[in-house]
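In: could you work out the structure for the sequence below:
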Amino acid sequence: MLARRFKSDDSAVSPVVGVILMVAITVLLAATAATFFLDFGSGSLGQNAPQAAFTFEYESGSPDSLTIEHRSGDSIQAGNLYITVSGASGASGVNGQHDFTSIGGAPAAGSKITAGSRVTFSRSTLDLSDAAVTLNWKSPDSGKSIQLASWEAP
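Out: Numbering: from 1, shown residues only. Below you'll find the model as predicted:
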C-alpha cells in the first residue's frame, strides 16, 4: 500500500521543476535584455576590418630601414593606417605613432594600398636593432583600431 502511494504521489516534484524552469527563463530573459539595452555588442569597429597580409623587410645600416609590403588581401585606405614604433633609438621622435602617409613612398591619405604596395620607414640615424613595429588600421566610423601586422627586431 505504501509503495502505491509513492508511485502515484507526484505533487512534490511538479513545484520544484516549475520553480527551476521559471528561474532559468528569468535568467535567460535578463541576460538577453541586458545585452540589448546595455549594448554589450558595441565593441564592433563600425566597418568591417580589412583582411590583409603584410611583410616586413629589415635592412640594417646607417640608418636602418624597414620596408612594409602589402602582400595580399583587401585594399585599404592609406589614411586609415598607422604604425607604432617602440624600442628604436637614434633619431628623436621615432618612437610612437606615425601616420602611414608620412612614411617614405606612401600614397596620399585618400589613396588605396593594394597588394604589391611598398613603403619604407627610415629616419636619419635610425637604429631599429631593438625595436618593435606594429601596423594598425583605424576604423573611420568608430575610431577604434586593430593590429594588422607586427615586426620585432631580429
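
In: the strands in the chain, which residues?
Out: 52-59, 65-73, 76-77, 81-86, 96-99, 112-113, 118-122, 132-138, 145-152 (DSSP state E).

In: now render those strands as a markdown table, adding mean pLDDT.
Out: Shown next, in a markdown table, are those (pLDDT from 0 to 100):
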| stretch | mean pLDDT |
| --- | --- |
| strand 52-59 | 93 |
| strand 65-73 | 92 |
| strand 76-77 | 90 |
| strand 81-86 | 92 |
| strand 96-99 | 88 |
| strand 112-113 | 90 |
| strand 118-122 | 89 |
| strand 132-138 | 93 |
| strand 145-152 | 92 |
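
In: dump the ones you listed to TSV, plus mean neighbour count.
Out: Just so you know, the C-beta spots here come from the backbone N, C-alpha and C atoms, and that holds for glycine as well. Listed next are those as TSV, based on neighbours: other Cβ atoms under 10 Å:
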stretch	mean neighbour count
strand 52-59	15
strand 65-73	18
strand 76-77	20
strand 81-86	20
strand 96-99	14
strand 112-113	20
strand 118-122	19
strand 132-138	19
strand 145-152	16
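
In: out of the ones you listed, which comes closest to Thr26?
Out: Distance to Thr26, taken as Cβ to Cβ, is lowest for strand 145-152 among the strands of the chain, at 36.9 Å.
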